[in-house]
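Visitor: mind folding the following:
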Amino acid sequence: MDVTAFYGTVSALCFTLLGLWWVACQARNDWLVEPGGRRMAYAVSLHFLLPGAMSLLSMVAPDVAVLWRATFTVAGLAGLAGVVLLAATVRSQARNLRVVAAIHWLGVPLYAAVVAVALLPGLPAALATGLSALQLEAILLTLLVVMGVQAAWLLTFLPSRE
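Guide: Below you'll find the predicted structure:
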């Protein structure tokens, strides 16, 4: 598959999921009134926003490696910081739902891998994967989106504190 077509599809999917997630968040008034709930909702938003932005920006000039590498590095670092800072909030808000925290902690190695591949584009070849750096990034973004969908599902059906 052409990576540009893949990233175009992923970008559209991510921004659609982000919009749907925002609708789901509006239905949960308990999330809107407490800071922990808003941070938890924002953590899930990152799993759609960042892969969507990375996908969109990678299509601007896929042959200009510095552009997609800088995009994936900055967005990966933002995702890494967001997951690390918000994981404690997710844990405290979803006391009986450790799976949600686990999904967010899985984001740490995934975002770290996104940054590593962006900074070391020869990494896939060194690992003998047979993939280009953009193809490996595509796999990592897919895993981030899947993880975001799982987190959104679990949080949507988390019982209200009211």
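Visitor: okay, and the helix or strand of the chain with the least pLDDT?
Guide: Between all helices and strands in the chain, the lowest mean by mean pLDDT, DSSP states H and E belongs to helix 29-33, at a mean of 80.
Visitor: packing partners for that helix?
Guide: If contacts are counted by 3 or more CB pairs under 8 Å, 6 or more residues apart in numbering; DSSP states H and E, helix 29-33 sits against helix 3-27, helix 35-58. All C-beta spots, glycine's among them, are computed from the backbone N, C-alpha and C.
Visitor: so which of the ones you listed gets nearest residue 130?
Guide: With CB to CB, the closest approach to residue 130 among the helices and strands packed on helix 29-33 belongs to helix 3-27: 14.4 Å.
Visitor: pLDDT of that closest one, averaged?
Guide: Taken as a whole, helix 3-27 has an average pLDDT of 92.
Visitor: contacts only, for the residue lying closest to residue 41 once chain neighbours are set aside.
Guide: With sequence-adjacent residues excluded and distances taken as CB to CB, 6 or more residues apart in numbering, residue 41 is closest to residue 25, at 4.6 Å. Applying CB atoms under 8 Å, 6 or more residues apart in numbering to residue 25 gives the contacts 31-32, 41.
Visitor: quick one: residues contacting the spatially most central residue of the chain.
Guide: In the chain, the centroid-proximal residue (CA atoms, centre = their mean) is residue 47; its distance is 2.6 Å. Contacts here follow CB under 8 Å, 6+ apart; on that basis residue 47 touches 79, 107, 144-145, 147-149, 151-152.
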